[in-house]
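Engineer: The sequence and its predicted three-dimensional model are supplied below.
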Number of protein chains: 2
Amino acid sequence: MINLELHENYRFPFPADRMKKIPRSGIREILMAAEGRPMISFGGGVPHDSCVPLPEIRDAFEAVFTNRGARAFRYGTTEGEKELREYVASWLKGLGLQAGAGEILIVNGSQQGLDLLGKVLLNPGSTILVERPTYLAALQAFSPYEPQYDEVEMDDQGAIVESFKEKLRKVGTFFYTIPSFQNPSGVCISVKRREEIVNCLNETGCLLVEDDPYSQLYYDYPPPAPLCAMGVKNAVYLGTFSKMVSPGFRLGWIWTSNNNLMKHLITVKQAADLCTGLFQQYLLLEVLRRLDIQKHLKRNRIFYASQREKMNHYMSSHLCGLMDWNYPSGGMFFWATLKNGLHAGKLLSRCVERGVAFADGASFFAGEKDFSRLRLNFTQCTEEEMDRGLLMIAEEIRQMPIN
Amino acid sequence: MINLELHENYRFPFPADRMKKIPRSGIREILMAAEGRPMISFGGGVPHDSCVPLPEIRDAFEAVFTNRGARAFRYGTTEGEKELREYVASWLKGLGLQAGAGEILIVNGSQQGLDLLGKVLLNPGSTILVERPTYLAALQAFSPYEPQYDEVEMDDQGAIVESFKEKLRKVGTFFYTIPSFQNPSGVCISVKRREEIVNCLNETGCLLVEDDPYSQLYYDYPPPAPLCAMGVKNAVYLGTFSKMVSPGFRLGWIWTSNNNLMKHLITVKQAADLCTGLFQQYLLLEVLRRLDIQKHLKRNRIFYASQREKMNHYMSSHLCGLMDWNYPSGGMFFWATLKNGLHAGKLLSRCVERGVAFADGASFFAGEKDFSRLRLNFTQCTEEEMDRGLLMIAEEIRQMPIN
């Protein structure tokens, strides 16, 4: 049954039916209402300003300007600059994934990769298997294509494989996973579990969509190799420079060795925005030429690990007994559970009034919502903000009526 | 009937049904086959390198770097930077369109605007009214959402309004037009015809989608005000900096005063790529602060007008009797018709072998294809290339068998 939302003088079905399928995070509306007020934010997943390689960017600009001039400001090819695709291919080889530059499509941040995959792969009613919980913005990207979701439960080793193969057999399209330091749960899938997942995928022939923004943000030990590097037959890998270098470039990539899928992805990329900006690709290339990327990542890991320690310290000081949380070995988030059946969305509304924000966990569930969950980012705030912000959250929790 | 294209080991319907609806231009495949060979191209719609304001871009970078530092490399808001939206609003006011910054969404080139509009507005089977011919890449952007097309014929004043109101009444969604120096036909809709179109739109309540990349590229006299500035009740305006400043920024915008539509556009923009790059927005803002935009546009108009003259001269020298063409008063293209029933697609294949390319006109028709048409860009080539390239096209035409 189509519900027609009619605008004054506008006779037609509006919006399109698919718009009713896109989940809202709620936090956008809440934050817009609070716009202009000072806000301590544990909400986003944003690299710290100190982790942006500014000197290399300045030198890179000079090089692009001197070597390319006006040519850097033309339209680019839809696939992306060959040299950048070659860099990505060699980066992936370093992760154990034998990739060719022709198997890479440069996208406007890996979020665009999710949108393009949805467009190419999903019919209305197609089933996707996702982790429980999963990345909110992946649900937002896929949902306009009107899929159904099935969920696989996770423990601290990753997706539980007991009913996994059964679910994969029923899945109409693909299994979507963030294997390393998942957003929001922080879980890193163990080697053994990865092997089991790969076997299940190959036995069923199901397509894997592996989203891997966080694998370089490890604070205790490096994660295992990507699933795509472990012999999955049908696979797509999404990567991004947003967490490695800076989100300001809006540069990510899709890898797949499936030529037919790649051909279709290029078609929809062209229809979606013609090409990714040439200038930003040249600029990043020159940054990557100048930056000792391993040293850069190591320095950032040391910084973020210390942020994680501080956050854990103040969470322990203020929130003990009020919520439980994981201690993530990588990534950008603590994933927490409120005690006493308290509702994280209601807590968020109160907290935003006080000037502190986090991400409501309910948005990260494709199926039944768990309203007790919240996600707290630790990469952005100062120690003083952590102390003050987490204390405010604790005070608000104490004032909430227990269900 | 769903045609299932099965990949080895891949059990599922692939690709999604919508992929069968996307028109191919053909030129991509032809050019890829010729990759590496030198090519005189009349194919694209690309600003000339000499029209990029390089000194201002260099100074702008220094300013962004000095004033914003690492903050320029964060994630931006989905709507786009407030200062850039204010600039666009004031630019639109200069065109006679009373726009507020809150009515502007910054997008990754106006091509993304077309994709987002398709996503928000189109159900499978929805009808769009387009001009005959119309912009190929608009058809590519809309078609994944599986609309039907109805076409309105054009004369040299624009869409013929005789059967227009009747068609508008039947249209399920919107009328899509490029009113000034249309791509590909070069037609600029006259004032009188604009008034008639606006009246028809308002009487039927149909939504207008006005795509306006070329209105500043006039070589004889400025075009009339945009339709959106003439009192259309339901309207969307798409603009771009690609032709005004440079396509390298990948920055365009959507304007609409329909708050509900804007809300939905922001939702799908967030799902599609989170945000447009902050750095490129800051950079463009600083360019716009330094650039005398009217002087810059005037200089570019003088350059392109002389390109148009040269192109017309060599077309007259080489192609008289072999094809007819318009003499465009703005934009970037000559729109031509082969004589004797010759097939432009077949001519293109022969020409690419020789090292000269143009755009096959058939792709610009939503309905029945006209295979005698071709589009020739005049903004990019040198005089020597025009002379040599057009002569090669003439030689190939003379060698083609007449049907």
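Structural biologist: Yes, it's here.

Engineer: buried set for stretch A:145-163?
Structural biologist: By neighbour count with 16 or more other CB atoms under 10 Å in any protein chain shown, stretch A:145-163 contains the buried residues A:Y145, A:E146, A:P147, A:Y149, A:D150, A:E151, A:V152, A:M154, A:Q157, A:G158, A:A159, A:V161. Any C-beta I mention is one placed from the backbone N, CA and C, and that applies to glycine too.

Engineer: likewise stretch A:323-338?
Structural biologist: A:M323, A:W325, A:P328, A:S329, A:G330, A:G331, A:M332, A:F333, A:F334, A:W335, A:A336, A:L338.

Engineer: For the fifth one, grab phi and psi.
Structural biologist: Backbone geometry at A:G330, expressed as degrees, to the nearest 10, gives phi -170, psi -180.

Engineer: In space, what's closest to it - neighbours in sequence excluded?
Structural biologist: Nearest in space to A:G330, with sequence neighbours left out and distances taken as CB to CB, 6 or more residues apart in numbering or on different chains, is A:F181 at 3.5 Å.

Engineer: The third one now?
Structural biologist: Counting by CB to CB, 6+ apart, A:G186 is the residue found nearest to A:P328 once chain neighbours are left out, at 3.2 Å.

Engineer: In terms of pLDDT, where does that neighbour sit?
Structural biologist: Here, the pLDDT recorded for A:G186 equals 97.

Engineer: Next: A:S306.
Structural biologist: We note a pLDDT of 98 for A:S306 in this prediction.

Engineer: Return the residues in contact with it.
Structural biologist: A:S306 makes contact with no residue, according to CB atoms under 8 Å, 6 or more residues apart in numbering or on different chains.

Engineer: Now with 10 Å, please.
Structural biologist: Shown in contact with A:S306 (CB atoms under 10 Å, 6 or more residues apart in numbering or on different chains): A:Y219, A:F378, A:E383.

Engineer: Check A:Y327 too.
Structural biologist: Counting by CB under 10 Å, 6+ apart, A:Y327 has contacts A:G186, A:D220, A:R308, A:E309, A:M311, A:N312, A:M315, A:F334.

Engineer: Give me the buried subset of the residues you listed.
Structural biologist: Buried members of the contacts of A:Y327, scored by 16+ other CB under 10 Å, are A:G186, A:R308, A:M311, A:N312, A:M315, A:F334.

Engineer: Now secondary structure and distance to B:F61 too, for those residues, in a markdown table please.
Structural biologist: As requested, these are arranged in a markdown table below (DSSP: H, G, I helix; E, B strand; the rest coil; distance: CB to CB, whole Å):
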| residue | secondary structure | distance to B:F61 |
| --- | --- | --- |
| A:G186 | coil | 37 |
| A:R308 | helix | 34 |
| A:M311 | helix | 35 |
| A:N312 | helix | 40 |
| A:M315 | helix | 41 |
| A:F334 | strand | 37 |
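
Engineer: Count the neighbours of A:P224 for me.
Structural biologist: Taking other CB atoms under 10 Å in any protein chain shown as the neighbour definition, A:P224 ends up with a count of 20.

Engineer: what does A:D370 give?
Structural biologist: The burial count assigned to A:D370 is 14, neighbours taken as other CB under 10 Å.

Engineer: In this model A:E153 seems to touch it, though I could be wrong.
Structural biologist: No - at 11.5 Å, A:D370 and A:E153 do not qualify as touching, with contact defined as CB atoms under 10 Å.

Engineer: what's the overlap in contacts for these two?
Structural biologist: When CB under 10 Å, 6+ apart defines a contact, the residues bordering A:D370 and A:E153 alike are A:R132, A:P133.

Engineer: Check the residue in the stretch 1-150 of chain A that chain B sits nearest to and give its pLDDT.
Structural biologist: Ranking the residues of the stretch 1-150 of chain A by distance to chain B (CB to the nearest CB) places A:F73 first, at 2.9 Å. A:F73 carries a pLDDT value of 93.

Engineer: Please name the residues that touch the nearest residue to it once chain neighbours are set aside.
Structural biologist: Distances taken as CB to CB, 6+ apart put B:G248 closest to A:F73, at 2.9 Å, once the chain neighbours are dropped. Shown in contact with B:G248 (CB under 10 Å, 6+ apart): A:68, A:70-76, A:277-280, A:282, B:47, B:52, B:57, B:241-242, B:280, B:283-284.

Engineer: Then A:L391?
Structural biologist: A:L391 makes contact with A:Y314, A:S317, A:H318, A:L319, A:V356 under the criterion CB under 10 Å, 6+ apart.

Engineer: With A:R37 instead?
Structural biologist: Taking CB under 10 Å, 6+ apart as the contact definition, A:R37 lies against A:L31, A:V352, A:E353, A:R354, A:G355.

Engineer: ok, of these, which one's closest to A:N234?
Structural biologist: A:L31 (39.0 Å; CB to CB).

Engineer: re the thing from before, and chain B, which of the buried residues of stretch A:145-163 reach it?
Structural biologist: Checked against chain B using CB under 10 Å from any CB of the partner chain, these yield the following neighbours: A:Y145, A:P147.

Engineer: Go through the buried residues of stretch A:145-163 and flag which are in helices.
Structural biologist: Within the buried residues of stretch A:145-163, membership in helices is found for no residue, as judged by DSSP state H.

Engineer: May I ask which two of the buried residues of stretch A:145-163 are separated the most?
Structural biologist: It's A:E146 and A:Q157 that sit farthest apart of those, by CB to CB, at 32.4 Å.

Engineer: before we move on, the earlier item: tell me who's in contact with the residue of the stretch 1-150 of chain A closest to chain B.
Structural biologist: Taking CB under 10 Å, 6+ apart as the contact definition, A:F73 lies against A:64, A:277-279, A:282, B:47, B:49, B:51-54, B:57, B:242, B:245-249.

Engineer: What helices and strands are in contact with the longest strand along chain A?
Structural biologist: With DSSP state E applied, the strand covering the greatest number of residues in chain A is identified as strand A:148-155. For strand A:148-155, the contact count by 3 or more CB pairs under 10 Å, 6 or more residues apart in numbering or on different chains; DSSP states H and E identifies strand A:127-132, strand A:158-159, helix A:164-170, strand A:174-177, helix A:191-204 as packing neighbours.
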